[in-house]
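1. Build me a model from this:
(one chain, ligands or ions: 1)
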Amino acid sequence: MDAAISSSRQALESRALRKVLVVYYSRTGTTKKVAETIAQALGCDVEEVIDTKDRSGLIGWLRSGRDAASRKLTTIEKTKNRPETYDVVVIGTPVWNGKASTPIMTYVSQYKDLFKEVAFFCTHDGSGEGALRDLETLCGKKPLATLALRRKQEVATGEYVGKAKRFASKVAG
Ligand SMILES: Cc1cc2nc3c(=O)[nH]c(=O)nc-3n(C[C@H](O)[C@H](O)[C@H](O)COP(=O)(O)O)c2cc1C
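-> So this is what the prediction gives:
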């Protein structure tokens, strides 16, 4: 067989075999929307991290800002999927005070030793760099891909879909 055909066939086979889990936390639905688009594009499993702390309303917003600023962790509900059974774990978070959100930092702290490969995405109102950096530092791994999306301008308008699909294809291989 021609070498080029053989290597492209191998690439297709590895894409088909790569098993991906999308894990996200979302306080008000923005990150959830992106996580679902990415999971749908990949046809993969998706896990929502649920915080046991009430983060709704103004009090919840203040509490979340304070927890993120002090890098405090929280208690999350038991998750359904075992990350060690996936080739790639994609982690999604909103940005809180320039950082990754407290519930996702808690999830990553608990499971990071079980991740094989990782990719990160975040949603924000200004800048996503700090959150992506937090995830890379805590995981101790270079991500296969990263994506930062603005809530109003990209997620709410639907403009994010193309970027989310490109991100998904990098994760797929
Ligand atoms: C406590 C708190 C702090 C935030 N801090 C930032 C910030 O530092 N920079 C930023 O760009 N957006 C910040 N945001 C905005 C959120 O990151 C943004 O609205 C995100 O898309 C919300 O995602 P969600 O709907 O999935 O919770 C903050 C939001 C909250 C609740």
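2. how about stretch 50-66: buried residues?
-> Asp51, Arg55, Arg63, Ser64 (16 or more other C-beta atoms under 10 Å). All C-beta spots, glycine's among them, are computed from the backbone N, C-alpha and C.
3. Quickly note the distance from the third one to Thr31.
-> Between Arg63 and Thr31 the computed distance is 18 Å (C-beta to C-beta, to the nearest Å).
4. And for the first one?
-> When distances are taken as C-beta to C-beta, Asp51 and Thr31 turn out to be 13 Å apart.
5. what comes into contact with stretch 151-163?
-> Residues outside stretch 151-163 that contact it (C-beta atoms under 8 Å, 6 or more residues apart in numbering): Thr30, Lys33, Val34, Thr37, Thr123, His124, Asp125, Leu147, Leu149.
6. farthest-separated two in these?
-> Farthest apart among the contacts of stretch 151-163 by C-beta to C-beta are Thr37 and Asp125. That separation is 19.3 Å.
7. Have a look at the two and say which one is more surrounded.
-> Set Thr37 next to Asp125 and count neighbours by other C-beta atoms under 10 Å: Thr37 wins out with 20 against 12.
8. What residues sit buried inside the helix or strand where that one lies?
-> Using DSSP states H and E, Thr37 sits in helix 30-42. For helix 30-42, a neighbour-count test (16+ other C-beta under 10 Å) marks Thr30, Thr31, Lys32, Lys33, Val34, Ala35, Glu36, Thr37, Ile38, Ala39, Ala41, Leu42 as buried.
9. all helices for the protein, in order.
-> 3-17, 30-42, 57-69, 102-111, 129-139, 160-172 (DSSP state H).
10. What degree of burial does Lys142 show, as a neighbour count?
-> Lys142, neighbours per other C-beta under 10 Å, totals 9.
11. which non-adjacent residue is nearest it?
-> Distances taken as C-beta to C-beta, 6 or more residues apart in numbering place Glu136 nearest to Lys142, at 7.0 Å, with adjacent residues excluded.
12. residues near that neighbour, how many?
-> Glu136, neighbours per other C-beta under 10 Å, totals 16.
13. Could you double-check that it sits in contact with Ala119?
-> No. Contact criterion C-beta atoms under 8 Å: Glu136 and Ala119 do not qualify, at 10.6 Å.
14. Now do the shared contacts for those two.
-> The contact lists of Glu136 and Ala119 share Pro143, where a contact means C-beta under 8 Å, 6+ apart.
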